[in-house]
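> please work out how this folds:
(4 chains)
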There are 2 protein chains.
Amino acid sequence: MATGRGSGDENADAKRRRRRTGTEIKESLRELSVQLSLLNHRISAHFELRDIDFDCLEIIRRHEPISPGALARRVGLHAATMTGVLDRLERGGWIDRERDPVDRRAVVLRARRERNPEVFRLYAGMNTSMDELMADYTVDQLEAIADFLHRTTAAGRDATDNLSAP
Amino acid sequence: MATGRGSGDENADAKRRRRRTGTEIKESLRELSVQLSLLNHRISAHFELRDIDFDCLEIIRRHEPISPGALARRVGLHAATMTGVLDRLERGGWIDRERDPVDRRAVVLRARRERNPEVFRLYAGMNTSMDELMADYTVDQLEAIADFLHRTTAAGRDATDNLSAP
DNA sequence: AACATCTGCTACGGTTTCCGTAGTATCTGA
DNA sequence: TCAGATACTACGGAAACCGTAGCAGATGTT
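Numbering: from 1, shown residues only, chains lettered A, B, ... in the order given. Model prediction:
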């Protein structure tokens, strides 16, 4: 829920400001996306993983237990490619592969947490910077930002899914 | 410049709200990062490029003219890998490689714009969603968000650079 | 129940990518 | 002038990607 009153009643000047800021946000979002990908790349490389591996791990964390097939579909990877991703994650001790007791063809993936401190250490710099910069906003502003991030993520998910069909 | 008054004088309740929201923002940021990577993956695949290729193209766009070496350093790729990336981008008509007239060993990269409409079309869904969702915030909130995104990008860049040394 | 069909995952192998090394061209400094 | 540094690319072995096929097990039909 956005708490603002939106763009209902604004004068021409505010409307211009709104449009300019909107464009700026979309631009920044692309730049941020690239930058966070590069950070992810550095961290993945440190653990001898591919970029996509860490993304998959993140999704497993949030949706466990999940099957390799469901994960592959969500990520947009070929099932055979997913096998390789999971091999690396399993070899590194990031996940467990268990047989599904109900459907015995299937496998369920679970994230292991032992190595979280190693990851946390690499993210420590970013974490501190975020804490520092967030101190410059009011709580109301922070809540608007959190709301914005949630909704943008949902928009990204929809856009990604809609790109599968054509 | 953040316009909020920051966390100077807040009661215990507001402090708790602030901490909770801060954690939520950092969580959302990771989730957003993953989601935008997946979107990027789909779009890259559509053009028969690797994920990293589009990231490089974005950086070339923003920093042209730039040399392959400088780009490789910024992205954290091996120079030889960058040659492969640039081969794909050049073959697809995304960039031009020109000899640097000053330093004739060197090469300068420039982004071509002819294919922008194709990319724009794939981003259209995301673009529309963003416009819709941004309409729910006040201009002040949007400016705080834009500011936040800029500073978060800068934080990401610093964190990435600091991870190179060790 | 028996059978065909479908589904979930992984092995296999050809193609592509990755990246360490080396090579060429050019610049820089002594 | 020339030794060394620098910018990029070619080459080749190792790894990843992904289409196909294979196996195990679930599901549906008669």
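> quick check: domain ranges of chain A?
Under the assignment named as automatic domain parsing, the residue ranges that make up the domains of chain A are A:49-112, A:115-147.
> is the first one anywhere near chain B?
Put plainly, it is domain A:49-112. Yes - taking Cβ under 8 Å from any Cβ of the partner chain as the criterion, domain A:49-112 and chain B are in contact, through A:51-52, A:55, A:58-59, A:62, A:75-76. (Each C-beta comes from the backbone N, C-alpha and C, glycine too.)
> starting at the chain centroid, how far to stretch A:110-118?
Offset of stretch A:110-118 from its chain centre (Cα atoms, centre = their mean, to the nearest Å): 17 Å.
> and for stretch A:56-67?
With Cα atoms, centre = their mean, you get 12 Å for stretch A:56-67.
> and if you look at stretch A:113-125?
Taking Cα atoms, centre = their mean, one finds stretch A:113-125 lying 17 Å from the centre of the chain it belongs to.
> pLDDT weak spots in chain A?
A:1-8, A:165-166 (pLDDT under 70).
> which residues in chain A form strands?
Assigned strands in chain A, in chain order: A:95-99, A:107-111 (criterion: DSSP state E).
> returning to that earlier point: out of the domains of chain A, nearest to DNA strand C?
Closest approach to DNA strand C among these is made by domain A:49-112 (2.3 Å; Cβ to the nearest atom of the strand).
> do that closest one and DNA strand C meet at all?
Yes - using Cβ under 7 Å from any atom of the strand, domain A:49-112 comes into contact with DNA strand C via A:67-70, A:72, A:79-80, A:82-83, A:86, A:97, A:103, A:105-107.
> of those, select the buried ones using a ChimeraX command.
Applying 16 or more other Cβ atoms under 10 Å in any protein chain shown to the residues of domain A:49-112 next to DNA strand C, the buried members can be selected in ChimeraX as follows:
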select /A:67,68,70,72,82,86,107
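> among the residues of domain A:49-112 next to DNA strand C, which pair sits farthest apart?
Comparing every pair within these by Cβ to Cβ identifies A:80 and A:103 as the most remote, at 20.0 Å.
> burial check on the residue nearest to residue A:149 when sequence neighbours are not counted, number of neighbours?
Excluding its sequence neighbours, the residue lying closest to residue A:149 (Cβ to Cβ, 6 or more residues apart in numbering or on different chains) is residue B:28, at 3.8 Å. Other residues lying near residue B:28 total 19 when counted by other Cβ atoms under 10 Å in any protein chain shown.
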